[in-house]
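Visitor: Structure for this input, please:
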Amino acid sequence: MQYEFHEACLCLPDQSKEEYEELCESIKQGFREHEPILLFEGKILDGRHRYKAAIANNITPIFKQYEGDDPFDYVKKTDFARRHYVSQEQKALIFTDLITGSRKWQETKQKIRKEQKAKEWATKSGKVNKNEPAQPVQVHDDKERQERAKVIGVNRGAIQRADLINKNPELAAQVKSGTMPASKAVQEIQKQKLKTRLDEVATREAIEPTGLYDVIVIDPPWPMQKLERDERPNQVDFDYPTMTEEDMANLQIPADENCHVWLWTTHKFLPMAFRLLDTWKLKYVCCFTWHKPNGFQPFNLPKYNCEFALYARKGAPSFLDFKNFSVCFNAETKGHSVKPEEFYELLRRTTGGRRLDMFNRRTIQGFDGWGKETKKAD
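Guide: All right, here's what the predicted structure looks like:
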């Protein structure tokens, strides 16, 4: 007779090839052949690898019936603790499967008892008792995560990542089996979310400015890619659409007769930025430099801890205030491509007229927005 494996037993990953071969050799030597296989409801609850090893070596296993009332809780308290896991996230995923299975098991038992009582009551009274549907159990709030992390012995970050991975059954199965690192699974999920968002942005109609402007800030989506790194699973492609130099050169800059223009760029794209200013027929004047508290350091090169806003003009615009007006300023970083509020405050103080922020990804006080990611005013 061939036995199936209980769902609780299958929450745990298979042994590695080396572990299984070692188990087979142990059983051949007679060390574990008399250790009973635990059965529940006609299925193997504990000892599935011993069962497979015994059958493979023509050894008749010994069976014993599980007498408890929660097979998932049994596996959680016994087999789960004996296993070795490749990552905290794998451990958290498997533990979550077990506690979820235990809760569903208890809910099913309660539902069966209620139905039995309802039938008994209906038989005695001749009436139908309508039971309220069971409410789903929420297991992923912050308090529950903290408790789960403490019980499992992992950090809360691992629990959060495990819950994220669990939303994708295919990736979750690979992480639980140990065939995919949790960092890679998180990276794949983030990439899919990013692709979905970029596809939505690509189909959105751009909000174009009306009329001409006296002040324009341009933060173009330079044609670059971010490297993927396993040690930083959230570091995937940039979270906005990019443009080629030809695309940007064809832009119509809505500059008035006398207009201040700032073009944001990084070290890599400085040459392209100067070419674009020439193409747009804007006269370069000076370079504003944002000094950051941190930055990226390429191999065998100094740390790039600044960005540039090339200041150019159309015509002869004038500034309103020159107090504390310097081309260098310090400001914290708030996320990739998020330009500092200190810069915009400087422009609000020193310039006047209509202001435009091209390719902005957030609402800037005192500036109109332009681009597909700009939200229309209510």
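
Visitor: and the host helix or strand of Val75, how far out from the chain's middle?
Guide: Per DSSP states H and E, Val75 falls inside helix 71-77. The chain centre lies 30 Å from the centre of helix 71-77; the measure is C-alpha atoms, centre = their mean, to the nearest Å.

Visitor: ok, now stretch 62-75?
Guide: Relative to its chain's centre, stretch 62-75 lies at 37 Å (C-alpha atoms, centre = their mean).

Visitor: By neighbour count, which bits of the helix or strand harbouring Gln90 are buried? Give me those.
Guide: Assessed by DSSP H and E, Gln90 sits inside helix 88-125. For helix 88-125, the buried set under the neighbour-count rule, 16 or more other C-beta atoms under 10 Å, comprises 88-99, 101-103, 105. Using the backbone N, CA and C atoms, a C-beta is placed for each residue, glycine as well.

Visitor: same question, stretch 328-342
Guide: In stretch 328-342, counting by 16+ other C-beta under 10 Å, buried: 329, 331, 337, 339-340.

Visitor: so, if you compare those residues, which one comes nearest to Val175?
Guide: Nearest to Val175 among the buried residues of stretch 328-342: Ser337, at 30.8 Å, using C-beta to C-beta.

Visitor: Confirm the closest one sits in a helix?
Guide: No. Counting by DSSP: H, G, I helix; E, B strand; the rest coil, Ser337 is not part of a helix but coil.

Visitor: separation between it and His267?
Guide: Using C-beta to C-beta, to the nearest Å, we find Ser337 at a distance of 15 Å from His267.

Visitor: swap in Gln88?
Guide: For Gln88, the distance to His267 (C-beta to C-beta) stands at 38 Å.

Visitor: mind showing which ranges of the stretch 201-350 of the chain have poor pLDDT?
Guide: Scanning the stretch 201-350 of the chain for pLDDT under 70 picks out 201-209, 224-241, 336.

Visitor: Now do the strands in it.
Guide: With DSSP state E, counting those that start in this stretch, the ranges of strands along the stretch 201-350 of the chain come out as 213-218, 255-265, 283-296, 304-314, 328-330.

Visitor: For Gly353, find the nearest of the ones you listed.
Guide: strand 213-218 (2.8 Å).

Visitor: Which of the three states applies to the residue lying closest to Gln160 once chain neighbours are set aside?
Guide: In this structure, Gln160 finds its nearest non-sequential neighbour in Arg145, 6.7 Å apart by C-beta to C-beta, 6 or more residues apart in numbering. Here Arg145 is helix, with the state taken from three-state DSSP.

Visitor: Count the residues that sit near Arg145.
Guide: The tally of other residues near Arg145 (other C-beta atoms under 10 Å) stands at 20.

Visitor: ok, now how distant is it from Arg275?
Guide: For Arg145 relative to Arg275 (C-beta to C-beta), the value is 51 Å.

Visitor: before we move on, what about Asn360?
Guide: Separation of Asn360 from Arg275 (C-beta to C-beta): 23 Å.

Visitor: quick one, which of the two is more surrounded?
Guide: Using other C-beta under 10 Å as the criterion, Asn360 and Arg275 rank with Asn360 on top: 22 against 14.

Visitor: Now Leu39, what are its backbone angles?
Guide: phi -110, psi 150 (degrees, to the nearest 10).

Visitor: Could you give the number of residues near it?
Guide: Neighbour tally, Leu39, other C-beta under 10 Å: 18.

Visitor: if I pick it, what's in contact with it?
Guide: Counting by C-beta atoms under 8 Å, 6 or more residues apart in numbering, Leu39 makes contact with 3, 45, 63-66.

Visitor: Among the residues you listed, which one is most surrounded by other residues?
Guide: Neighbour tally across those (other C-beta under 10 Å): the maximum, 25 neighbours, falls on Leu45.

Visitor: The helix or strand containing that residue pairs with which strands, and in what direction?
Guide: Taking DSSP H and E as the definition, one finds Leu45 inside strand 43-46. Sheet pairing for strand 43-46, assigned by DSSP bridges, gives strand 4-5 (parallel), strand 37-40 (antiparallel).

Visitor: so which of those strands gets nearest Gln365?
Guide: For the strands paired with strand 43-46, proximity to Gln365 was assessed by C-beta to C-beta; strand 4-5 is nearest, at 61.9 Å.

Visitor: ok so, going back, quick one, which of the strands of the stretch 201-350 of the chain is packed in tightest?
Guide: Among the strands of the stretch 201-350 of the chain, strand 213-218 has the highest mean neighbour count (mean count of other C-beta atoms under 10 Å), at a mean of 24.

Visitor: Return the distance of the most centrally placed residue in the chain relative to Lys117.
Guide: By C-alpha atoms, centre = their mean, the chain has its centre lying nearest to Gln190, at 4.4 Å. Separation of Gln190 from Lys117 (C-beta to C-beta): 48 Å.

Visitor: do the same with Gln192
Guide: Gln192 is 46 Å from Lys117, by C-beta to C-beta.

Visitor: How about Met243?
Guide: 67 Å.
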